[in-house]
Every structure is written in structure tokens, then in C-alpha cells.
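A.B. asks: here is my input, please return the structure:
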Amino acid sequence: MPLIRVDDLLRHARTEGYAVGAYDAVDSNFVSAIIAGAEAARAPVIVSFAELHFGHYDFPVLMAAAKMAARRARVPVALFFDHGTGLETAIDAIRHGANGVMADVSDLPFQDNVAVTRAIVDMAHAVGVTVEGEVGYVPGVAGKDAILHPGEIQLTSTIDAVRYVAETGVDALAVSIGTVHGRIRDEVKLDLDRLAAIARAVAVPLVIHGGTGLADEQFRAIIERGVSKVNYYTALSDLASAAAAAALDPIDAGYTAGLDAVRNVVAAEVARTCEIFGAAGRSDAAQAVCRLWQEDGDQPQIN
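C.D. replies: Numbering: from 1, shown residues only. From the prediction side, this is the model:
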């Protein structure tokens, strides 16, 4: 299937009461596994690429592979630049094929966050790219123990959410209601009333970062209260690490045994979470209402 627009997909999810999974990829094997899992569930899917992981792979090369994989997929796929730290990196990501970007500057003072995000929105909207912003602060580091990188959690206020959406023009809003990036050792306590109030106050789809560690019923609860996109990586990383270690012991199993094991467990977890998020079986409906992302030859160019 051709690539689809992120804004249309998130609006469909919000209208129909489900959430799209956004799964970070760290190599082409992860890309293939994420798409395979979505295909097994017949779910639309977002394949994400986090700026904080760029030291581990060649981003332009992986994006080229991801675009080919997405266009061969049997479900709608979007490619997303996750946790971007500024205008220049967002421009670079779009030039290499991302059709959605996140402005991750919520650690800045509110007005600085607005200014940076607004600049990214103006640039991205000029070429039809969706922008996700964040107000409030979700601490932690994806793929690591959140307790080691706690920061200071800042829950999103409804007043700030309304102001931020109005002043930036973002298409989707990531909110802080108690989740953290990375592994958490205790039960996650979510402020569901806060989430419901924000969903009533803003018209854009809401996003939750730090999906790892939430119970299935917690996922269902946040989706019932307006979440349309769930970012999910650390659990995939942990499953992949364990599967590779088991497959490569004994060592004479060969490296490709580890690749196969990783692909299988990641695909299975993507399919499982698509079911929990309510995205399973939504592929055809999403495809019917989402505009196609422009092919490279027709894509507007950033000056």
C-alpha cells in the first residue's frame, strides 16, 4: 500500500475511538517486524525513528529501506521522526522521507517551547507534513531504566494544552499524565481525569509517550479518554534482546538465528498491542479515508 498521511490517520483513530501504535525502529529488521506485526493484525501502523537512536544507525539509509518496505506493505503505513530536538533536524528528517515529525522541546520554558514548535509547524505544514508537539514533560530515556533517568515529571495542565495548541498549530499533542520513557519498576499511576479534561478542551488527537509498563486495562482507559497514538519501544527492545540472547546460545547457532528470533518476537508484540489499542482490523477503513502521502517525485521541496 502507498504511504498515508499521519494527520488523516490520527483523525480517523480519534473519530473511531482507537489508537495507532507508533513503534520505534532501530534497524531494517525492526522495520520489517513492525510492518509484519501490523499486517498480522490488519492494523494501520506508524514506524518511528527517534533522534536519540541515530548514533546506532545511518538514518538516511534506514529511511530509504523503510520507504520501500512501507510501499510494499499490505496495511497503511506512515513514517515518523520521533523526539526531534529542533528545526534543523526536523527539516533533515522530512528531506529523507518522514511524513510526520515530533517537536520534543517540552523541557524548555513554555514560550520557548511554543516558539520552536511554531517554527517547525510553519516549515512542515508548507510541505504537508504532520507535526506533534508536547506540553508538560515525560521523563526518562527510551530503552533504559526510567528510575535511572527520572528528571522532574511535569503533568500537562488543561490551560497550557489549550494555549499550546492555539499558539503552535500542532496537529497532535503529546501529554504527560504519569507515564515515563523506559522501564518502570512500580505500577504506573495515571491521572485519567486530567487526560479526559484535556481531550474535552482541545480538538487535536492526543498522544501518550512511555507506553511500556502500562497494563492492558490502562491502555484501554487512556484510549477511551481520547488518546489516538501510543508510542511503544522499550518493551520491543527488551523482548528483542532476550530473544537474540536465547537464539545465540549456543554460539554456533549463527547470527541470522538471532535476527529471525528478534523479528518474530517484535512482530508478535506489535500484533498483540494493535489488538489492545483497538487498531486491529482497521486497515481497510483507515486506507479508505486517509489521503496518500506524495511519492518522492511529486513531493514538495523544502527551501
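
A.B. asks: quick one: low-confidence residue ranges for the stretch 1-150 of the chain.
C.D. replies: Low-confidence regions of the stretch 1-150 of the chain, defined here as pLDDT under 70, cover residues 137-150.

A.B. asks: quick one, strands of this structure?
C.D. replies: Secondary structure of the chain (DSSP state E): strands at 20-24, 45-50, 77-84, 100-103, 130-135, 140-145, 172-175, 181-183, 206-208, 227-232.

A.B. asks: so which elements touch the last one?
C.D. replies: Read it as strand 227-232. In this structure, strand 227-232 makes packing contacts with helix 6-16, strand 20-24, strand 206-208, helix 216-224, helix 255-277, judged by 3 or more Cβ pairs under 8 Å, 6 or more residues apart in numbering; DSSP states H and E. Placement of C-beta: from N, CA and C, glycine included.

A.B. asks: same list, the ones you listed, but as TSV with mean neighbour count and distance to residue 125 please.
C.D. replies: TSV is the format used below for those (neighbours: other Cβ atoms under 10 Å; distance: least, Cβ to Cβ, whole Å):
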stretch	mean neighbour count	distance to residue 125
helix 6-16	22	10
strand 20-24	28	20
strand 206-208	25	18
helix 216-224	17	27
helix 255-277	20	27
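
A.B. asks: can you put the ones you listed in TSV and add distance to residue 82?
C.D. replies: TSV is the format used below for the helices and strands packed on strand 227-232 (distance: least, Cβ to Cβ, whole Å):
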stretch	distance to residue 82
helix 6-16	12
strand 20-24	6
strand 206-208	10
helix 216-224	19
helix 255-277	16
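
A.B. asks: and of the ones you listed, who's closest to residue 72?
C.D. replies: helix 255-277 (15.3 Å; Cβ to Cβ).

A.B. asks: out of the strands of the chain, flag the one nearest residue 265.
C.D. replies: When those are compared for distance to residue 265 using Cβ to Cβ, the nearest one is strand 20-24, at 12.8 Å.

A.B. asks: what residues does the closest one touch?
C.D. replies: Under the contact criterion Cβ atoms under 8 Å, 6 or more residues apart in numbering, strand 20-24 has outside partners 9-10, 13, 30, 34, 38, 43-50, 53, 80, 82, 142, 207, 228-233, 236, 270, 273-274, 277, 279.

A.B. asks: what angle separates it from strand 77-84?
C.D. replies: Orientation of strand 20-24 against strand 77-84 (axes from the mean of the first three to the mean of the last three Cα atoms, to 10 degrees) gives an angle of 60 degrees.

A.B. asks: mind checking the helices and strands packed on strand 227-232 for the one nearest to residue 122?
C.D. replies: Comparison of the helices and strands packed on strand 227-232 against residue 122 by Cβ to Cβ identifies helix 6-16 as nearest, at 15.5 Å.

A.B. asks: okay, that closest one in PDB with CA atoms only?
C.D. replies: These are the backbone C-alpha positions of helix 6-16, laid out as PDB (Å, rounded to 0.1, in the frame of the first residue of the first chain):
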ATOM      1  CA  VAL A   6      -0.300  10.900   9.500                       C
ATOM      2  CA  ASP A   7      -2.800  13.700  10.300                       C
ATOM      3  CA  ASP A   8      -5.600  11.800   8.500                       C
ATOM      4  CA  LEU A   9      -4.700   8.600  10.300                       C
ATOM      5  CA  LEU A  10      -4.800  10.200  13.700                       C
ATOM      6  CA  ARG A  11      -8.100  11.900  13.000                       C
ATOM      7  CA  HIS A  12      -9.600   8.600  11.900                       C
ATOM      8  CA  ALA A  13      -8.300   7.000  15.100                       C
ATOM      9  CA  ARG A  14      -9.800   9.800  17.200                       C
ATOM     10  CA  THR A  15     -13.200   9.600  15.500                       C
ATOM     11  CA  GLU A  16     -13.400   5.800  15.600                       C
END
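
A.B. asks: adjust the sequence numbering to begin at 650 for everything that follows.
C.D. replies: Sure thing, new numbering starts at 650, so read that last one as helix 655-665.

A.B. asks: against which helices or strands is it packed?
C.D. replies: Secondary elements touching helix 655-665 (3+ Cβ pairs under 8 Å, 6+ apart): strand 669-673, strand 726-733, strand 779-784, strand 821-824, strand 876-881, helix 932-938.

A.B. asks: just checking, what packs against the shortest one?
C.D. replies: Using 3+ Cβ pairs under 8 Å, 6+ apart as the contact definition, the elements that strand 821-824 packs against are helix 655-665, strand 779-784, helix 807-817, helix 841-850, strand 855-857.

A.B. asks: got the contact list for the third one?
C.D. replies: Yep, that's helix 807-817 we're talking about. In this structure, residues lying in contact with helix 807-817 by Cβ under 8 Å, 6+ apart are 759, 762-763, 766-767, 770, 780, 782, 784-785, 819, 822, 824, 843, 846-847, 850-853.
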